[in-house]
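Trainee: Following is a predicted model, sequence given first.
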Amino acid sequence: MIKPIGTATDAALREAMKRLLAGCPVKTDGRLTVANLAAEAGYSRATVYRAPNILRAFEAATKTRDRHSQTNAVKATEALKTKIAALQSHEREELRELRTTAHVMAQHIQALTLVITERDRQIAALHDELSRTGERKVVALGRGAGI
């Protein structure tokens with residue numbers, strides 16, 4: 001026959017169970033195990049096993065907490081997947097915008113290169129004319145395309 005526990009032991013085990021389930025352990029690492037319940041209460045595991053009502057309540061609370069933890073983990077995973085999809089969509093949109101900007105900039109560079117080439121041609125022509133005639137005269141440069 002199993003010797004029943006006393007009221008002080010019962011109270012200590014219930015208090016230890018409350019602390020563990022609340023995530024506020026005092027004497028253990030907080031894992032929800034029978035060994036931690038016993039240590040938190042300051043008794044042996046054998047003593048916990050002599051309190052079947054407390055043991056059943058602890059195991060039921062642990063299972064409920066595990067189910068809630070799993071449910072919360074699934075919800076958190078789904079939320080993260082949604083956030084990842086939104087970030088990937090934003091990244092694709094930003095990449096499209098950057099590609100468009102790069103294309104526009106390349107067009108601007110090409111247009112400026114043509115303007116510079118035309119200016120270089122005009123300067124070379126003026127140098128040639130100056131070296132041929134030897135006279136110094138001021139020639140107004142016409143406005144080129146894009147300037």
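Mentor: That came in fine, so what should we check first? Numbering: from 1, shown residues only.

Trainee: Give the burial count for E129, as a bare number.
Mentor: E129 is flanked by 13 other residues according to other Cβ atoms under 10 Å. No exception for glycine: its C-beta is placed from N, CA and C like everyone else's.

Trainee: Can you check what pLDDT the model gives it?
Mentor: The model reports E129 with a pLDDT of 85.

Trainee: how about it, secondary structure?
Mentor: helix (DSSP: H, G, I helix; E, B strand; the rest coil).

Trainee: Contact partners for it?
Mentor: For E129, no contacting residues are found, by Cβ atoms under 8 Å, 6 or more residues apart in numbering.

Trainee: same check, this time on A57
Mentor: M17.

Trainee: Recalculate using a threshold of 6 Å.
Mentor: With contacts defined as Cβ atoms under 6 Å, 6 or more residues apart in numbering, A57 has no neighbours.

Trainee: Ok, the one 5 residues further on next?
Mentor: Contact criterion Cβ under 6 Å, 6+ apart gives L32 as the residues in contact with T62.

Trainee: And for the one 10 residues further on?
Mentor: Not one residue lies near N72 by Cβ under 6 Å, 6+ apart.

Trainee: Just say helix, strand or coil for it.
Mentor: Classified using three-state DSSP, N72 is helix.

Trainee: repeat for A8
Mentor: Applying three-state DSSP: A8 is helix.

Trainee: Next, count neighbours for it.
Mentor: 8.

Trainee: For it, which residues are in contact?
Mentor: Per Cβ under 6 Å, 6+ apart, neighbours of A8: none.
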